[in-house]
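Enquirer: Show me how the following folds:
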Amino acid sequence: MKKSFLFISCDEAKHICDKAQYDEASTWEQLKLRLRLMYCHITKKYSRNNTKLSQTIEQSKVQCLKTEEFNKLQSQFEKELAKQQQD
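Expert: Model prediction:
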């Protein structure tokens with residue numbers, strides 16, 4: 001099967017969509033993605049869901065553990081695990 005110059009597969013479109021979310025897609029890739037989005041409802045839905053997910057993560061107020069807190073928690077866990085294995 002001959003690879004098309006302008007038209008891309010659904011899998012390739014999804015990959016470009018992911019790259020575009022992080023501003024890593026080239027202008028040519030973005031053009032091919034936009035063309036694909038005009039006629040493919042599956043890619044369009046994937047792109048829409050990808051955008052929603054990115055926005056949700058950006059808007060979330062998730063607080064992660066700092067490295068020192070994580071290390072402390074991990075060492076406490078390992079101590080408790082060692083106690084359980086001795087019993």
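Enquirer: Contacts only, for residue 13.
Expert: Applying Cβ atoms under 8 Å, 6 or more residues apart in numbering to residue 13 gives the contacts 32-33, 36-37, 40, 43, 46. C-beta: built from backbone N, CA, C; applies to glycine.
Enquirer: Look up how far residue 74 lies from it.
Expert: Using Cβ to Cβ, to the nearest Å, residue 13 is found at 41 Å from residue 74.
Enquirer: Kindly report the same for residue 49.
Expert: Using Cβ to Cβ, one gets 34 Å for the distance from residue 49 to residue 74.
Enquirer: swap in residue 6?
Expert: 51 Å.
Enquirer: list the buried ones in the strand or helix carrying residue 34?
Expert: Assigned by DSSP states H and E, residue 34 falls within helix 27-39. Buried residues in helix 27-39, counted by 16 or more other Cβ atoms under 10 Å: 29, 32-33, 36-37.
Enquirer: So what's the model's average confidence on that helix?
Expert: Regarding helix 27-39, the rounded mean pLDDT is 93.
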